[in-house]
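K.L.:
My questions concern the predicted model and sequence given below.
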Amino acid sequence: EDHITDMNERHALDFLRNQRGNADEPFALFVNFFAPHHQDGSEEQYFPQKTTEHLYNDKNITFGPTCTEEAWEKMPPFFNDNNDGRVRWRDRFDEPSKAQRMIKNYFRLISGVDMTCGKILEEIEKRNLTDNTLIIFTTDNGYYLGEHGLADKWYAHQESIK
């Protein structure tokens, strides 16, 4: 079964190579990456591509200064243990070995997206379209990776909005 990022890559490259129509006509290509998201209800949460599974194996990822129990305890009272961000933190970051596995797999997903973007840009360059192509890269959110004792997004800390 194909990984969603592999499918994104294959479809984008196929469009640029075979589906674009008249080479002199303007075109629009939208590539929407879903992979850097978790899968709730799954113990592993993040499922990287086979091509990125080896990345970060020899690294120990350092978590930010607000990834502490003390930071969680400073949160307002309406942040309780049933808060979605806290529940997801327990699913991903409540044990050091689990936290390393989760953040590495999350980074692997993002690295897969980076690699695919690179291949799309290479194809655009190969087709001599670079000087006449506008490329817009955007995202919908930041993401908590244990900061403030939370996981995922939603709240207006720098980690979640940038």
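P.N.:
Everything's here; your move.

K.L.:
residue contacts, the closest residue to E53 other than its chain neighbours?
P.N.:
Leaving aside its chain neighbours, E53 sits nearest to R108 (6.6 Å; criterion: CB to CB, 6 or more residues apart in numbering). Glycine gets a C-beta too; all of them are placed from N, C-alpha and C. Neighbouring residues of R108 by CB atoms under 8 Å, 6 or more residues apart in numbering: 46, 48-49, 52-53, 55-56.

K.L.:
Write the ChimeraX selection for whichever of those residues are buried.
P.N.:
Selection command for ChimeraX covering only the buried members of the contacts of R108, criterion 16 or more other CB atoms under 10 Å:
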select :46,48,49,52,55,56
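
K.L.:
In TSV: the contacts of R108, plus distance to L134 and pLDDT.
P.N.:
Formatted as TSV, those follow (distance: CB to CB, whole Å; pLDDT from 0 to 100):
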residue	distance to L134	pLDDT
Y46	32	95
P48	30	96
Q49	28	95
T52	28	97
E53	34	96
L55	30	98
Y56	33	98
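
K.L.:
ok, so of the contacts of R108, who is nearest P77?
P.N.:
Comparing the contacts of R108 against P77 with CB to CB places Y46 closest, at 30.9 Å.

K.L.:
From N18, how far off is that closest one?
P.N.:
Remark: distance between Y46 and N18 (CB to CB, to the nearest Å) = 32 Å.

K.L.:
what does H54 give?
P.N.:
For H54, the distance to N18 - CB to CB - is 31 Å.

K.L.:
again, but for Q158
P.N.:
With distances taken as CB to CB, Q158 is found 43 Å from N18.

K.L.:
Then D114?
P.N.:
24 Å.

K.L.:
cool, and T5?
P.N.:
From T5 over to N18 the distance is 20 Å, taken as CB to CB.

K.L.:
between these two, who's got more neighbours?
P.N.:
Shown here are T5 and N18; by other CB atoms under 10 Å, T5 has more neighbours (25 against 8).

K.L.:
Tell me which residue lies nearest the centroid of the protein.
P.N.:
By CA atoms, centre = their mean, the chain has its centre lying nearest to P36, at 2.9 Å.

K.L.:
quick one: contacts for that residue?
P.N.:
Contact analysis of P36 by CB under 8 Å, 6+ apart lists 106, 109-110, 113.

K.L.:
Since that was my last question, I'll sign off now.
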